[in-house]
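Peer 1: Whatever this is, show me its structure:
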Amino acid sequence: MFISIDEFQFKNKWINDIYHLNLKGYHFLVNDSLMKDIKEKIYNNQSLIIPRYVYIDKKGEIITNDAPRPSSIKALDKLFHDL
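Peer 2: Reported below is the predicted structural model:
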């Protein structure tokens, strides 16, 4: 799942990037309410740094709000081994 925090005025560029980069998956553009939640729950009201990888369990609980990139196999193995 991809969540874009781009401003709505850049929606067309965001859509073009999805196609140009061939990003498979679900894509969402945040609204004000979701942006507030992301700032609070993912970034702890700190500066936003993107991209950001977040892992959420089946119950909707955040496992980690600053996970390694999916391509970092060793780091991911350690993360899930330590859970």
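
Peer 1: Report the distance from stretch 6-16 to the chain centre.
Peer 2: 16 Å (CA atoms, centre = their mean, to the nearest Å).

Peer 1: Give me the below-cutoff pLDDT ranges for this structure.
Peer 2: 83 (pLDDT under 70).

Peer 1: Please write out the alpha-carbon positions of the strand ranked longest in the chain in CSV.
Peer 2: The residue-count maximum for a strand in the chain (DSSP state E) belongs to strand 62-67. In CSV, the C-alpha atoms belonging to strand 62-67 read as follows (Å, rounded to 0.1, in the frame of the first residue of the first chain):
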residue,chain,number,x,y,z
ILE,A,62,1.9,-0.6,14.4
ILE,A,63,4.8,-3.0,14.7
THR,A,64,7.3,-0.4,13.7
ASN,A,65,6.9,3.1,12.4
ASP,A,66,10.4,3.3,10.8
ALA,A,67,11.1,0.0,9.2
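
Peer 1: Return the list of helices and strands in contact with that strand.
Peer 2: strand 53-56, helix 73-81 (3 or more CB pairs under 8 Å, 6 or more residues apart in numbering; DSSP states H and E). The C-beta positions use only the backbone N, C-alpha and C, and glycine is treated the same way.

Peer 1: which parts of the first one are buried?
Peer 2: For strand 53-56, burial by neighbour count (16 or more other CB atoms under 10 Å) applies to Tyr55.

Peer 1: what's the answer for stretch 8-24, then?
Peer 2: Buried-residue list, stretch 8-24, by 16+ other CB under 10 Å: Trp14.

Peer 1: And that stretch, end to end?
Peer 2: 21 Å (CA to CA, to the nearest Å).

Peer 1: try stretch 49-60
Peer 2: Taking CA to CA, the first and last residues of stretch 49-60 lie 22 Å apart.

Peer 1: Show me how far that stretch is from its chain's centre.
Peer 2: 6 Å.
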